[in-house]
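*Asks:* can you look at this prediction? I've put the sequence above it.
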Amino acid sequence: MEEIVRINGLQKKFGKFQALHDVSFTVNAGEVVGFIGPNGAGKSTTIRALLGIIKRDAGEAKIFGKDVWKDSLEIHKRISYVPGDVALWGNLTGGEIIDLFIKLHGGGDKAKRDYLIKRFELDPKKKAKGYSKGNRQKVGLIAALSVDSDLYIFDEPTSGLDPLMEVIFQEEVEKFKNTGKAILLSSHILSEVERLADKVVIIRQGKIVETGTLDELRHLTHSTVTLATEGDVSAMASVNGVYDFTQKENQATFSADNQYINDILLEATKLGVKKFESVPPTLEDLFMRHYEG
């Protein structure tokens with residue numbers, strides 16, 4: 001796969017505060033990378049460094065093989081960006097602002113623009129000063145999705161949108177992914193990242209604490225197993241790899257270490273299995289693993 005974004009050992013300080021410590025990850029063509037972490041973890045600082053808005057203190061940051069600081073003008077011709085709080089010109093209408101953004105980028109698809117305005121249910125004739133936060137976000141999203149870019153960077157893009165509009169955004173992003181576009185999605189909505197992302201990067205206090213596909217990361221934590229047996233299910237509580245065992249009549253629920261699933265199954269069959277359900281951890285489970293406490 002073609003590498004679109006490369007960040008290696010990125011560091012940034014604000015005074016004495018170290019905002020980023022050796023941040024490293026990549027984004028490839030046709031890939032959605034979910035960049036997650038709470039407020040203050042370093043997501044927006046990383047994105048601002050990628051966009052050439054702030055200068056990094058150390059490390060490497062490249063888009064399309066070009067340096068994000070030295071070659072920012074060339075890079076920006078091929079990217080679209082939507083921040084978490086879109087600022088607009090109050091006396092212009094939403095439609096005028098979308099057209100201005102598209103023109104600044106260098107040309108977009110008018111039919112796509114009209115399709116997206118209808119899809120996101122935006123009134124393009126209304127002045128921006130009368131828009132809610134959600135409608136301001138729609139303006140930014142419509143403008144970004146109306147142009148043909150090779151990389152789309154979204155920083156909390158659905159902030160202020162209702163659940164129906166979030167789904168529409170997700171559907172449009174999936175279309176871009178299927179055409180080979182690269183997408184960096186920073187979001188606090190874990191279900192959104194779980195649906196869209198091929199790879200997840202978890203940042204905590206300016207450091208990358210986990211990176212990989214969801215399947216790869218799920219090996220690092222436990223599945224939730226529901227088991228009903230003909231024999232006494234309480235015997236499963238002492239099996240290697242079983243944690244947080246709870247029992248109601250002859251059905252048990254417990255966490256299972258994935259590397260011991262085969263052993264757990266073998267022991268369960270000795271009791272006569274009536275029901276066995278194993279649910280892999282969600283992205284939220286993986287996320288909380290790094291943030292609880």
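*Replies:* Done, it's in. It should be emphasised that the depicted structure is a prediction, and the values quoted were computed from it without experimental measurement.
*Asks:* neighbouring contacts of the lengthiest helix in the chain?
*Replies:* For the chain, the longest helix by residue count, based on DSSP state H, is helix 163-178. Helix 163-178 has contacts (C-beta atoms under 8 Å, 6 or more residues apart in numbering) with 30-32, 116, 119-121, 134, 138, 141, 145, 152, 154, 157-158, 161, 183, 185, 189, 192, 195-196, 198. (C-beta placed from N, C-alpha, C; glycine too.)
*Asks:* among these, which are in helices?
*Replies:* Going by DSSP H, the helices hold 116, 119, 134, 138, 141, 145, 192, 195-196 from those.
*Asks:* now the buried members of these.
*Replies:* For those, a burial check counting by 16 or more other C-beta atoms under 10 Å picks out 116, 119, 138, 141, 145, 192, 195-196.
*Asks:* export the residues you listed to TSV and append columns for distance to residue 20 and pLDDT.
*Replies:* TSV is the format used below for those (distance: C-beta to C-beta, whole Å; pLDDT from 0 to 100):
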residue	distance to residue 20	pLDDT
116	34	97
119	36	96
138	31	96
141	27	96
145	29	95
192	24	84
195	27	87
196	24	90
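*Asks:* nearest residue to residue 196 other than its sequence neighbours?
*Replies:* Counting by C-beta to C-beta, 6 or more residues apart in numbering, residue 32 is the residue found nearest to residue 196 once chain neighbours are left out, at 4.8 Å.
*Asks:* for that neighbour, list each beta-bridge partner.
*Replies:* residue 183 (DSSP bridges).
*Asks:* dump the buried ones among the ones in helices among the contacts of helix 163-178 to TSV, plus distance to residue 72.
*Replies:* TSV is the format used below for these (distance: C-beta to C-beta, whole Å):
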residue	distance to residue 72
116	27
119	31
138	27
141	23
145	22
192	28
195	31
196	27
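*Asks:* pick the one among the residues you listed closest to residue 26.
*Replies:* residue 196 (17.2 Å; C-beta to C-beta).
*Asks:* distance-wise, check that closest one relative to residue 166.
*Replies:* 11 Å (C-beta to C-beta, to the nearest Å).
*Asks:* same check on residue 102?
*Replies:* 23 Å.
*Asks:* settle it for me: which of these two has more neighbours?
*Replies:* residue 102 (20 against 17; other C-beta atoms under 10 Å).
*Asks:* may I ask which helix or strand encompasses the residue nearest to the spatial centre of the chain?
*Replies:* By C-alpha atoms, centre = their mean, the chain has its centre lying nearest to residue 34, at 2.6 Å. When elements are assigned from DSSP states H and E, residue 34 belongs to strand 32-36.
*Asks:* report the buried residues of stretch 32-48.
*Replies:* Buried residues in stretch 32-48, counted by 16+ other C-beta under 10 Å: 32-37, 41-48.
*Asks:* thanks a lot, catch you later.
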